[in-house]
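Colleague: Give the three-dimensional model of this entry:
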Amino acid sequence: MGILLGIFMQSARKSVVDLLNLTPLRVVGRSISKSFSGAKDENYKSEEKNEKLSELEKHLIDLNSGDEGAVKSVIEEFSVNANPDEESILHKQKIIDNCFSKDSVEEIIKSLEAEANMEGNGWIGPVLKGLKRSSPTGLKLTFRSIREGRKKTLAECLKTEFRLSINILRRKISGDFYEGIRALTVDKDNAPKWDPATLDQVSCEKVDSVVEPFEEELELQIPTEEGKRWHGKYENSAYSIVKATNELK
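Modeller: You can find the predicted model right below:
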């Protein structure tokens, strides 16, 4: 995840994060960049936007602190009131809050279906279509991961995601991961056959089993003491944070 997208996901409202994770709806880059770049209208040059974004990134890297207050101060220094497009989801906040505050994927879909019948809510159609085309298992695992992750530490989240990833690859409760790859990139028929095929067939017990702790030696090992810190070589590709940081010095 890019640094700016990471910042956005951390600071955005919970309902928007749920929307972006569960549905095919995407935020137009301009909707995000305006909040950080100082752009107040379309006459603001894209080059100047990019400079501001690069400057923000440099300040965050130089900060060298995980303190929430310090990070927020840097972000606020570069923030202005956003002026999103008329069709931006930022103008649909009340509906998004109402629908995505529900306690299950089924309730979210039911709430969206009710809102879709209201005048001016045509944007909900593609959202519902995307939800109903998605893997029922994938939706419930994603929903569980998002909601539970808000109550956990970073280390706990990483361990849970590790268990989830391994069990998905092992087809513990479904082979939908591989079926999605087949439909999208192998046969390219865009007609995945999900199994289980419906949300009601994906029980809470099945979802719980995917994130159950492994035996201790099989768990993700996260260093918690200085003596256990890894001192090996770091990635040195163009995408390496270490390399990018050194180049900025």
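
Colleague: End to end on stretch 58-70, go ahead and measure it.
Modeller: Start-to-end span of stretch 58-70 (C-alpha to C-alpha, to the nearest Å) is 14 Å.

Colleague: and it, what's its mean pLDDT?
Modeller: Mean per-residue pLDDT for stretch 58-70: 78.

Colleague: Now do the host helix or strand of E179: everything it contacts.
Modeller: Assigned by DSSP states H and E, E179 belongs to helix 176-181. Applying C-beta atoms under 8 Å, 6 or more residues apart in numbering, the contact partners of helix 176-181 are S135, T137, G138, I168, L169, R171, P192, K193, W194, D195. (Glycine included, C-beta is placed from N, CA and C.)

Colleague: how about a cut-off of 10 Å?
Modeller: 134-138, 141, 165, 168-171, 186-187, 192-196, 202 (C-beta atoms under 10 Å, 6 or more residues apart in numbering).

Colleague: how about it: buried residues?
Modeller: D176, F177, E179 (16 or more other C-beta atoms under 10 Å).

Colleague: Include distance to E212 and pLDDT when you put the residues you listed into a markdown table, please.
Modeller: What follows is the buried residues of helix 176-181, written out as a markdown table (distance: C-beta to C-beta, whole Å; pLDDT from 0 to 100):
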| residue | distance to E212 | pLDDT |
| --- | --- | --- |
| D176 | 19 | 97 |
| F177 | 18 | 96 |
| E179 | 23 | 97 |
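
Colleague: Among these, which one lies nearest to S79?
Modeller: S79 lies nearest to F177 out of the buried residues of helix 176-181, by C-beta to C-beta, at 37.9 Å.

Colleague: separation between the closest one and I168?
Modeller: 5 Å (C-beta to C-beta, to the nearest Å).

Colleague: same deal with G175?
Modeller: 9 Å.

Colleague: Return every residue with contacts to both of these two.
Modeller: Common neighbours of G175 and I168 (C-beta under 10 Å, 6+ apart) are T137.

Colleague: now this protein, which segments are flagged as low pLDDT?
Modeller: 1-13, 16-17, 20-21, 24-49, 66, 80-87, 90, 224-249 (pLDDT under 70).

Colleague: name the helices or strands packed onto the longest helix belonging to it?
Modeller: For the chain, the longest helix by residue count, based on DSSP state H, is helix 46-63. Packing partners of helix 46-63 (3 or more C-beta pairs under 10 Å, 6 or more residues apart in numbering; DSSP states H and E): helix 3-11, helix 29-37, helix 68-77, helix 241-248.

Colleague: in it, what counts as buried?
Modeller: Of the residues in helix 46-63, those buried (16+ other C-beta under 10 Å) are K49, K52, L53, L56, E57, L60.

Colleague: follow-up on the earlier one: next step: the contacts of helix 176-181 restricted to helices.
Modeller: Per DSSP H, the subset of the contacts of helix 176-181 in helices is P136, T137, G138, L141, S165, I168, L169.

Colleague: any idea which of those is closest to E217?
Modeller: S165 (17.7 Å).

Colleague: Contacts only, for the closest one.
Modeller: Neighbouring residues of S165 by C-beta under 10 Å, 6+ apart: F177, V210, L220.
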